[in-house]
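S.K.: Here you go, sequence then predicted model.
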Amino acid sequence: MDRFAALKRAVETAELVDAHAHNIVAVDSAFPFLNCFSEASADALSAVPHTIHFKRSLKEIAQLYGSKSSLEAVQEYRFSSGVEQITAKCLKAARISAVFIDDGLELDKMHDIEWHKTFVHSVGRILRIEREAEKILDVGSPDGTTWTLDSFMELFVDNLKSYPFDFCVIAAYRSGLEINTDVSKEDAQESLSNVLQAGKPVRITNKNFIDYIFIHALEVAQCFDLPMQIHTGFGDKDLDLRLSNPLHLRNLLEDSRFSKSQIVLLHASYPFCKEASYLASVYPQVYLDFGLAVPKLSFHGMLSSVKELLELAPIKKVMFSTDGCGFPESFYLGAKKAREVIFAVLRDACINGDLSIPEATQAAKDIFSENARHLYKIKAVSETFDSNDVTSPSEKLDITASSQDVAYVRVIWVDASGQHRCRVVPQKRFHDVVTKNGVGLTCASMAMSSHMDGPADGTNLSGVGEIRLIPDLSTKCLIPWAKEQEMVLADMHLKPGTPWEYCPRETLRRVSKVLRDEFNLVMNAGFENEFFLLRSAIVDGKERWVPFDETPYCSTTVIDDAFPILSEIAVHLQSLNIVVEQLHAEAGHGQFEFAFGYTTSESAADKLVFAREVIRAVARKHGLLATFVPKYALDDIGSGSHVHISLWENGENVFMGKSGETKYGISKIGEEFMAGVLTHLPSILAFTAPVPNSYDRIQPNTWSGAYLCWGMENREAPLRAACPPGTPHGCVSNFEIKVFDGCANPYLGLASIIAAGIDGLRTHLTLPQPIDDNPDNVKEKVERLPKSLSESVEALEKDTVLRDLLGEKLLVAVSGVRKAEVKYYSENKDAWKNLIYRY
């Protein structure tokens, strides 16, 4: 029997308390993914792939994701999966039960602390004192006068006292660790003046001022029995390594005022690990944290660093952290390597006779959680994790777990007609049964039309047979307007683990995989969601739904009137991690638009479904009705769900061409893809404009794109090459598809676009000349797009490319549903008015 089996199990199953980390960023953040592997920046990042840490870590990430072991393959997986899914996967595998986040390191598109609570049982905040001081100075004094040292310190100290957080200081990055504990008030006032004279935004680098606020912050921390984390040893190039040796802290440690403080030296103080170990052995207030050194060093470097920390330091003073920053993969790597390194260190200690197996087992628990729990006053979360499934966390960490206040879970799907539907399941049954086995659903669910909750003729689907709705747990979230409920998006499976060929979400995944596998490309999408707000009114003695207002396009007046509703929508969207780039009043009566940030196609479709749910729910709360129907009033403007499309390779927008080097500012890849979409646009309309009412909207001279053409910033063209602010001159960053409306199933709509683009790439299609005029003025040069749903269905049934890529059975079902729509609304002329209750 393995002598160290018990120790290995203790290490593998130990609870992890991550005592120092930073915010995770959005998948499209400008923060380079290479920083997951290095503290380097700018040109120095180009050498990162040649480091031992990079080569080792990339293999481990690829193994976790099941992708090829290349940077390109890993980045493709990240973009196609989305940040929520990869975070769930990485933190589930890391098995971290609690994490403290220093959000003072401000990264592009970083998620707030609340967002992280979806993935980790307990999330705390670390307050970076220099950044807190900078924020105060940036805002200005409360009375508008110039800051004095007294007025600043009063507010600064009050702020520190009001935060129930641990503190962190980055003096090593600014002025070094030789802290002057006796900076005079006069010197501090002069230093403050120098800081203010440097202008805004404030960045504090003055040593006297940093030392002065550090000492006062340490006094507050000691008063409230809070630890103070200090960055020591290596880090990014902002620090002077010569000044980050923790021995410089001796003057501070010898000061009797701070003998009862609790100071945590971060980064293992590498390369000054022995010095840090010495300080922890002779000063009762010094503790050690080995994050960053593990996992950023080579395995030998990690091993030697942790061994050096334990040469003199008490085991009860050494703690784990990942120093995860920006990317969930950094948390996973930090946790994985920490377990490997601690096992190796403690095993060697047993072999050398320094520790017994029981002592080493207890040491593992202390280092991974007990020491941090005691120092940071964290309640116990769980005893151990199950080592039989190293990718499964304890129940406390399980992202499928719901808040105790949640009673029900809505399992949501979108059918072939584009309608949102759900089953509501009690929370306990959801957790015990549905997460693994799903919810039963009739096969007829993908044959229903907008007017009938039964299977349409010609779909080859009926009430015979049942599928399973399998919840995608990465999408589960608290419903912002109904706190006692959660919602989750579902996939359609024949049985758990076997996708149904009619499933819209699976169809989008499948064609996205073809695009990725054949061309190393990911399609990103960003929706502009238009809708009408209607209010109840008595018209001719009858109750009617009428427009919320009659103000013009981009009216400021209606923003005032509707702001309580719009702002509530925006808040709920933000809580669901849906980025709102802008909102405004549209040209129709009672019409508004929310423009969302772009993301991968799968994530964009998910977010659009949730956004529609939010908008309708908030409107209902205010006694209004929100509708996404394409043409609410035949004599008014219509509503679309325009989508902006771009192509990405290895994190770079490759749709965009180089200025002066391409014909239209579009790359060759971008042109071929866009040409494919243009070629198949009549067929695509069967997915993106799925009801007869859609074609009442797609009319000439209404900015809806009625002709088969494209144009540069031409809003009358169905495909508009777009150059938003920030795009280099002469370049096109994306193209907008205007013939996409709010009745469309977003998964099927995006899947048809990708399929058409794949055909363009395979056959190297080229774009015709752009139309730089209103197409209606040159209609002899361009074809009209289908004028009716029946015409688009006819085009779809002839489109062998879409049939082969999307699946013949699915296309038969969609065609059957569309033909049922044509028949019903042609026979019931006023029935389209009821669409406001369906969409």
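M.R.: Structure's in. What do you need? Numbers count the residues shown, from 1 in each chain.

S.K.: From now on I want contacts and neighbour counts done on CA atoms only, so please keep to that.
M.R.: Will do.

S.K.: what does the helix or strand where Ser57 lies contact?
M.R.: In this structure, Ser57 sits in helix 52-65 according to DSSP states H and E. For helix 52-65, the external contacting residues (CA atoms under 8 Å, 6 or more residues apart in numbering) are 37, 48-49, 68-71, 73-74, 77, 295-298, 329, 333.

S.K.: Same check on stretch 628-640?
M.R.: Outside stretch 628-640, the residues within contact range by CA under 8 Å, 6+ apart are 528-532, 587-589, 591, 693-694, 696-697, 702, 704, 738-743, 833, 835-836, 839.

S.K.: If we go by neighbour counts, what in it is buried?
M.R.: Phe628, Val629, Pro630, Lys631, Tyr632, Ala633, Ile637, Gly638, Ser639, Gly640 (16 or more other CA atoms under 10 Å).

S.K.: from the residues you listed, which two are the most distant?
M.R.: By the measure CA to CA, Ala633 and Gly640 form the most distant pair in the buried residues of stretch 628-640, at 13.7 Å.

S.K.: So which other helices or strands are in contact with the helix or strand containing Lys809?
M.R.: Element membership of Lys809 [criterion: DSSP H and E] is helix 808-827. Helix 808-827 sits against helix 692-697, helix 789-798, with contacts defined as 3 or more CA pairs under 8 Å, 6 or more residues apart in numbering; DSSP states H and E.

S.K.: now, which of the contacts of helix 52-65 lie within helices?
M.R.: Residues of the contacts of helix 52-65 located in helices (DSSP state H): Leu71, Ala73, Val74, Tyr77, Pro295, Lys296, Glu329, Leu333.

S.K.: coming back round to it: please, a ChimeraX command that selects the buried ones among the contacts of helix 52-65?
M.R.: Buried residues within the contacts of helix 52-65, by 16+ other CA under 10 Å, are selected in ChimeraX with:
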select :37,48,69,71,73,74,77,295,296,297,298,329,333
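
S.K.: Now do the top strand by length along the chain, average pLDDT.
M.R.: Identified as the longest strand of the chain according to DSSP state E is strand 522-539. The average of the pLDDT scores along strand 522-539 is 91.

S.K.: just stretch 372-390 next, same as before
M.R.: The average pLDDT for stretch 372-390 rounds to 59.

S.K.: So what would you say the end-to-end distance of stretch 657-670 is?
M.R.: With CA to CA, to the nearest Å as the measure, stretch 657-670 spans 8 Å from end to end.

S.K.: what comes into contact with that stretch?
M.R.: So stretch 657-670 is contacted by Ser646, Leu647, Val654, Phe655, Met656, Pro728, His729, Gly730, Cys731, Val732, Ser733, Leu761 (CA under 8 Å, 6+ apart).

S.K.: Repeat that for stretch 599-607.
M.R.: Stretch 599-607 is contacted from outside by 27-28, 79-82, 475, 489, 505, 508-509, 522-527, 578, 598, 746-747, 750, using CA under 8 Å, 6+ apart.

S.K.: Kindly recompute the last result at 7 Å.
M.R.: 79-80, 82, 508-509, 523-526, 578, 598, 746-747, 750 (CA atoms under 7 Å, 6 or more residues apart in numbering).

S.K.: can you redo those residues as JSON lines with secondary structure and distance to Lys200?
M.R.: Formatted as JSON lines, the contacts of stretch 599-607 follow (DSSP: H, G, I helix; E, B strand; the rest coil; distance: CA to CA, whole Å):
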{"residue": "Phe79", "secondary structure": "helix", "distance to Lys200": "36"}
{"residue": "Ser80", "secondary structure": "helix", "distance to Lys200": "39"}
{"residue": "Gly82", "secondary structure": "coil", "distance to Lys200": "35"}
{"residue": "Leu508", "secondary structure": "helix", "distance to Lys200": "47"}
{"residue": "Arg509", "secondary structure": "helix", "distance to Lys200": "47"}
{"residue": "Met523", "secondary structure": "strand", "distance to Lys200": "39"}
{"residue": "Asn524", "secondary structure": "strand", "distance to Lys200": "36"}
{"residue": "Ala525", "secondary structure": "strand", "distance to Lys200": "36"}
{"residue": "Gly526", "secondary structure": "strand", "distance to Lys200": "34"}
{"residue": "Ile578", "secondary structure": "coil", "distance to Lys200": "31"}
{"residue": "Tyr598", "secondary structure": "coil", "distance to Lys200": "31"}
{"residue": "Pro746", "secondary structure": "helix", "distance to Lys200": "44"}
{"residue": "Tyr747", "secondary structure": "helix", "distance to Lys200": "46"}
{"residue": "Leu750", "secondary structure": "helix", "distance to Lys200": "44"}
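
S.K.: Including neighbour count and distance to Gly711, could the residues you listed go into TSV?
M.R.: Converted to TSV, those look like this (neighbours: other CA atoms under 10 Å; distance: CA to CA, whole Å):
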residue	neighbour count	distance to Gly711
Phe79	26	29
Ser80	25	29
Gly82	20	31
Leu508	24	27
Arg509	17	30
Met523	24	21
Asn524	24	20
Ala525	24	19
Gly526	26	19
Ile578	22	29
Tyr598	21	21
Pro746	30	24
Tyr747	29	26
Leu750	30	21
